[in-house]
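Engineer: My questions concern the predicted model and sequence given below.
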Amino acid sequence: MILPAAPFARPCLALALALALAGCGGKKTPPPTPDPTVGVVTAEPASVAMDTELPGRTDAYLTSDVRPQVSGIILKRLFVEGALVREGQPLYQIDPSLYRAAVGQAQGLLANAQANAVTARLKAGRYTDLEKINAVAKQDADDARAAAGQANATIVQQKAALDSAQINLRYTLVKAPISGRISRSTVTPGALVTAEQTTALATITTLDPIYVDVQQSSTQLLALRQAIAAGGAMPDRAAVRLKLEDGSDYGETGTLEFSEVTVDSSTGAVTLRARFPNPQGLLLPGMYVRAVVSQALRKGAFLLPAAAVVHDAKGGATALVVGADGKVVKRVVQDQGMRDNQWVVTGGINPGDKVVVEGSGKAKPGQKVKMVAATGAPSDSAIIDKSAQGGGGGGGKTAKSGGASGAAQ
C-alpha cells in the first residue's frame, strides 16, 4: 500500500524535477581559445659583409733555385737538408784554387801597368817642357802624351780584371740568395758543377708569409661589380679566412692582395691572391684550401636568425611576419646565404617588420597571435603586444648587423 506524500514534500520534488529537466536539455558554452604566442625580432637594415667561399691552392711567397756561378769541384756541403737558412748563409764550397791563382795574376798585371804608367807620365812631362822651347818635334811630344794616356787606360783594364777575378773567387762559396727552408741537395761533395748548368743544386722556399691563390668565376665577379656600381654594395677589404683540406679552420687570417685583370679562357675564372702569415709552417706550397673572402658590403640587408627563414624543395625562401593588426603574414624573401648562423636577407623584409623566429609551428597565415621578444631579449621589452595587459604597444628584440661583422645585437 502506497501512502500519499506529505504536503510539505511536494514543493521539493517539483524543484528537483525542474533541475533535472534543465540539466538534460541545456548546452555548455566552451571557453574561448587563446591566441598563440610567438617570439619575434624586429628587422633593421645594416651593411653586411658578403662572404664568398672559393677554392684555391697555396703558393710560396718566394722561391729561389741555388745554382753555381763558377765551375769547379764541390768540396763541402755546408747546410742541413730541409733546414731553415738565412740570406747570405754559405751553402757549398767550390774548389777555389784556380780562382785564387787568377786573382794573383790579375794583381801582378795591375802592378805592372801601374809601373809602366809612371814612366809614361814622366816622359810625357819632359817632352812637353822641351816642346815649349822647340827642342823636340811636336809629333814626338804628342806620341809621348798618347803613350801616357794608354798606360792609364791599361791600369783601368787591369783593375777591372782584378775585380772580376775576385768576384769569381767569392762565387766559389755559394751562398743562400733568400731566407727560407731549403730542399734536399742534388749534388754531393766531389761533384763537378758548371756555371751555366740547368740543374739547381738546391731550392729555397720562403713559407712565412705564404700566398693563397683562389679562383672566382667571372660571372660572380661581374655581378659583384654591378652591385657596387648600382649602389647596393660597397667595396670591402676585410680579412680572409681559410679552411684546410680536412675541413678545419686555419688559425691565422690573411689579407686580399690583388685580383687578375684577365679571365682564364679555359676555366672562365679570375685568380685572386691573398697573403697569410705562416709562422708554424703548417701551410705548404700546393695544398688545396678553401678561402672565405669578403669583397663587398651589402647595404640595406637584414640579418635574421636561422629559424626565421624556411626554404622549400625548390629553394624558395619564406618568412612569417606579424602585421600591424597582430595577424601572421607569409612573405617570400630573397636571401644571400648564411653568415654567422644568420640568414642575410636582401628582399621581402621591410625595416621594423616583426619577424617570427619562435613558435612558428603554432601560427598560421591570417591567424592573430600574441608577440613576445625572442629568447635572450631584455626583460623590459619581453612583451610586444602590451594591449593584452592593458598597456601600450612595445618593441621586440632587434635583428640587425653590427657593422661589417654582421653580429646580431
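Structural biologist: Noted; the coordinates are in hand.
Engineer: Break the protein into its domains for me.
Structural biologist: Using automatic domain parsing, the domains assigned to the chain come out as 39-59+208-405, 70-95+172-198, 96-171.
Engineer: Where among the ones you listed is average confidence lowest?
Structural biologist: When mean pLDDT is averaged over each of the domains of the chain, domain 39-59+208-405 scores lowest at a mean of 75.
Engineer: that older thread, can you redo the domains of the chain as a markdown table, where the extra columns are distance to Thr33 and mean neighbour count?
Structural biologist: The C-beta positions use only the backbone N, C-alpha and C, and glycine is treated the same way. As requested, the domains of the chain are arranged in a markdown table below (distance: least, Cβ to Cβ, whole Å; neighbours: other Cβ atoms under 10 Å):
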| stretch | distance to Thr33 | mean neighbour count |
| --- | --- | --- |
| domain 39-59+208-405 | 11 | 16 |
| domain 70-95+172-198 | 73 | 15 |
| domain 96-171 | 95 | 15 |
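Engineer: Identify all contacting residues around stretch 319-327.
Structural biologist: Identification of contacts with stretch 319-327 by Cβ atoms under 8 Å, 6 or more residues apart in numbering yields 35, 38, 40, 304, 308-310, 328-331, 333, 345, 348-349, 353-356, 360, 363, 365-371, 385.
Engineer: residue boundaries of the helices in the chain?
Structural biologist: For the chain, applying DSSP state H gives helices covering 10-25, 97-132, 138-171, 218-230.
Engineer: and the longest one, what other elements does it pack with?
Structural biologist: Of the remaining helices and strands, those touching helix 97-132 by 3 or more Cβ pairs under 8 Å, 6 or more residues apart in numbering; DSSP states H and E are helix 138-171.
Engineer: any idea of the angle the helix it packs on forms with helix 97-132?
Structural biologist: Inter-element angle recorded for helix 138-171 and helix 97-132: 160 degrees (by axes from the mean of the first three to the mean of the last three Cα atoms, to 10 degrees).
Engineer: From the contact counts, what lies against helix 138-171?
Structural biologist: By 3+ Cβ pairs under 8 Å, 6+ apart, helix 138-171 packs against helix 97-132.
Engineer: isn't Val293 right up against Leu242?
Structural biologist: No: using Cβ atoms under 8 Å, Val293 and Leu242 do not qualify as a contacting pair, with a distance of 10.0 Å.
Engineer: Kindly provide the distance from the residue nearest in space to the middle of the chain to Met338.
Structural biologist: Within the chain, one residue has its C-alpha closest to the average C-alpha position: by Cα atoms, centre = their mean, that is Val240, at 2.3 Å. Computed as Cβ to Cβ, to the nearest Å, the Val240 to Met338 distance reads 18 Å.
Engineer: which stretch among the helices of the chain comes nearest Thr199?
Structural biologist: When those are compared by Cβ to Cβ, helix 138-171 sits nearest Thr199, at 17.4 Å.
Engineer: centre of the chain versus the closest one, how much separation?
Structural biologist: If you compare the mean C-alpha spot of helix 138-171 with that of the full chain, they lie 59 Å apart, counting by Cα atoms, centre = their mean, to the nearest Å.
Engineer: Repeat that for stretch 51-66.
Structural biologist: Computed by Cα atoms, centre = their mean, the separation of stretch 51-66 from the middle of its chain amounts to 11 Å.
Engineer: and the residue nearest to Asp140 when sequence neighbours are not counted, what is it in contact with?
Structural biologist: Take Asp140 and drop its neighbours on the chain: the residue closest to it by Cβ to Cβ, 6 or more residues apart in numbering is Tyr127, 6.2 Å away. With contacts taken as Cβ under 8 Å, 6+ apart, Tyr127 has the following neighbours: 136, 140-141, 144-145.
Engineer: before we move on, what about Ser259?
Structural biologist: With contacts taken as Cβ under 8 Å, 6+ apart, Ser259 has the following neighbours: 216, 221, 270-273.
Engineer: one step back: output the contacts of Tyr127 in JSON lines, with distance to Thr255 appended to each entry.
Structural biologist: Supplementary listing: the contacts of Tyr127 in JSON lines, determined by distance: Cβ to Cβ, whole Å:
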{"residue": "Val136", "distance to Thr255": "78"}
{"residue": "Asp140", "distance to Thr255": "76"}
{"residue": "Ala141", "distance to Thr255": "73"}
{"residue": "Ala144", "distance to Thr255": "70"}
{"residue": "Arg145", "distance to Thr255": "66"}
